[in-house]
Every structure is written in C-alpha cells, then in structure tokens.
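1. take this sequence and fold it.
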Amino acid sequence: MTETKPAALVDKTLVAISDISIGHRYRAPEAPDDKDFRQLVDSINDIGLLQPVVLSLDYTLVAGLRRIRAAETLGFDMIEATFATDANDLASKLRAELDENTCRKPFKPTEAAALRKAIRAAMPPPNKGGRPKADKQTGGNLPPVSEQPKPKRQRKSRDVAADGTGYSGRTLDKVDEVSEIADDPMQPDAVREVAEQALEQIDDSGNVDASYQAVKAKEAEVNSPEPPAPASEPTLKDLVNGIVRDINSTTADVRKYAKACADLRGNASFGGMQLAAIQGAASGLGVALGDLRQQIA
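-> Numbers count the residues shown, from 1 in each chain. Below is the predicted model:
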C-alpha cells in the first residue's frame, strides 16, 4: 500500500532563518533551560539537523519552530528547510503544527485548546447530508426507507478539531470554559482568581477535570443567593409601640362602628336580633378593655 503524504514537499534547501516568518504559534515559548529543549539543542549540535523545517511557499513556518530556536541557540544563521506546496490554507498549516508537536513533545492542555479553536474556525461548514431523494426520471424506484442505508452520524466539529491533540473534545471544552471564566470581567474577582490558578494547574499537572470542578464549585459558591438573615427578637420598645398602634387602630374602629350603629337606629328594620348581636360584641369589647385597664393600672 502506497503511503499518501499530506503535502507535496519541494527538495530541501538552506534558507536564512531571518527570512522565515514565524507567525502566531500555539505553543508557549520554551525556557532556554527546559530539559526537552536542551536535549534537542544537544542533538543538533552532536549529529546535525536530521529533519528539516517545513515552510509554505511564502516562507511562513509550517512546522519546526523548536528546531529553529535550537539552531538560533547554537548560533546558526541558516537552516535546512523543505517547502510544502499544498499546505497554504490555514487549516492545513494548523494541522501541520499539531502533527509536528504531537510527534515530538505533546501540547499542554491550554495550548491544545487554543489550537483546536483555530482549527475549528478554519474548518469548512459540516455537510448536512440526509437520505437520498427519489429519482424523477425513474419514477422514484428506490428501495423502501427502512431498507436504505442509514447515513453515518457526523462527528461534532469540536471532536474533529481535537483529533491529534491528545485530548478529547469534551476535555478541551472544559479548558475553554475555565479560560472564558478567567477572562470574563463580569465574573466576581474570587471566581476569576480561582480560574486563573486552575489554568496554571491544568498545564502543570495535565489533570483538567479536577481543576475544572474546583472552578465550577467556586462559581456556584460565590454566585449562589445568600440565605435570609434570621429574624431578630423584638425589643421592649418594639412591643410597646405595637400595643399602642393596635389600641389606636381599635379605638378608631370602635368610633366608626358607633357612628354606623347610630345611622342604623334610623332604619325601621333595625332591631331585635341585629341589635342583640352588636350589643353582645360590644360587651365582649368592654370586658377586654377592662382586662387591659387592670394590667396597666
């Protein structure tokens, strides 16, 4: 079986490092004393550059940034390169950077999430697909729907773009969410601070879920409504003011009732049982007022 190469490569040649356009890269710059980087520098110094860097036809770097940095560390002005003639579109270049790094040194989760985002933005819109329509010329001589092959379920773009990063689409979704919380000025400072710390922990440990859960827990804690404050016990002043307020209200009501009864006496139908009912209620009020006078005497 013949191996299919992802890009046609022009024969390698020496190019000036200063002529190479680096552009935006999704891996954070490595420290000069990084162990893996030092191994690469030592290897190039001992046996030379075995794998040329890859450039597009306009001298934009497609793959090999770490090799360029190592060559610069060794004081090289020139570097061996090949040119990819069909990797000029953005998605292909991003894929090339992904392949370059996962074959050598894995991406950190935040680097992989940033690269996936760019790949996803560069991907063509998904093909909606669907069942085949009836052929008008043949009268629609297609097998029954139940016998037609079911179209393959399309993978989500988040998962397709995550291929080769070393992380699942769902894992990188969590990284994206933590990053968005850290950058969201509408989030409380306490939540953003935890999210910023979580991004560092994600890259240091590679444990995305634990850091994600810590951020979500802090977000729920800070944004949850505060429980109502317990009702305080009424003071003596409150009790006295309440009694006075209720007595004044009752006094006003009694005066209103007295006026109403005076108006009813002019009604020929008023008397008997209606009058007795009011008299009974007034008597009860009189007893209550007597108890009140006794308590405050």
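2. just give the number of residues close to residue 34.
-> 14 (other CB atoms under 10 Å). Every C-beta, even on glycine, is put in place using the N, C-alpha and C of the backbone.
3. just residue 40 next, same as before
-> Neighbours around residue 40, by other CB under 10 Å: 20.
4. helix, strand, or coil at it?
-> Judged by DSSP: H, G, I helix; E, B strand; the rest coil, the three-state class of residue 40 is helix.
5. and the gap between it and residue 204?
-> Counting by CB to CB, to the nearest Å, the separation of residue 40 from residue 204 is 22 Å.
6. try residue 123
-> Taking CB to CB, one finds residue 123 at 30 Å from residue 204.
7. those two - which one has more neighbours?
-> More crowded of residue 123 and residue 204, by other CB under 10 Å: residue 123, with 14 against 10.
8. for residue 106, which non-adjacent residue is closest in space?
-> residue 166 (5.3 Å; CB to CB, 6 or more residues apart in numbering).
9. typo on my end, it should be residue 196
-> Nearest to residue 196 is residue 182, by CB to CB, 6+ apart, at 4.8 Å.
10. just checking, the one you found touches residue 200?
-> No - using CB atoms under 8 Å, residue 182 is not in contact with residue 200; the gap is 10.2 Å.
11. neighbour count winner among the two?
-> residue 182 (18 against 11).
12. check contacts around residue 219.
-> 181, 187, 191 (CB atoms under 8 Å, 6 or more residues apart in numbering).
13. and residue 184, how far is that from residue 248?
-> 55 Å.
14. just residue 193 next, same as before
-> Distance from residue 193 to residue 248, by CB to CB: 56 Å.
15. give the helix, strand or coil label for the residue lying farthest from the centre of the chain.
-> Computed with CA atoms, centre = their mean, the maximum C-alpha offset from the centroid of the chain is found at residue 268, amounting to 79.5 Å. Assigned by three-state DSSP, the conformation of residue 268 is coil.
16. after the helix or strand harbouring residue 61, which helix or strand is next?
-> For residue 61, the host element (DSSP states H and E) is strand 61-63. Downstream of strand 61-63, the next assigned helix or strand under DSSP H and E is helix 65-73.
17. buried residues in that following helix, which are they?
-> Residues of helix 65-73 classed as buried: 65, 66, 67, 68, 69, 70, 71 (neighbour count, 16 or more other CB atoms under 10 Å).
18. list just the nearest of those residues to residue 59.
-> Nearest to residue 59 among those is residue 68, at 12.2 Å by CB to CB.
19. need the contact list for the closest one.
-> Per CB under 8 Å, 6+ apart, neighbours of residue 68: 17, 20, 22, 53, 61, 79.
20. from those residues, which single one is nearest residue 282?
-> Nearest member of those to residue 282, counting by CB to CB, is residue 22, at 99.0 Å.
21. quick one: contacts for the closest one?
-> 61, 65, 68.
22. now render those as CSV, adding pLDDT and distance to residue 225.
-> Shown next, in CSV, are these (pLDDT from 0 to 100; distance: CB to CB, whole Å):
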residue, pLDDT, distance to residue 225
61, 84, 52
65, 84, 49
68, 88, 54
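23. surely residue 60 is in contact with residue 23?
-> Yes - here residue 60 lies in contact with residue 23, judged by CB under 8 Å, at a distance of 5.7 Å.
24. which of the two has more neighbours?
-> residue 60 (15 against 12).
25. can you report phi and psi for the residue nearest to that one when sequence neighbours are not counted?
-> Nearest non-adjacent residue to residue 60, counting by CB to CB, 6+ apart: residue 21, 4.7 Å away. Main-chain torsions, residue 21, degrees, to the nearest 10: phi -90, psi 120.
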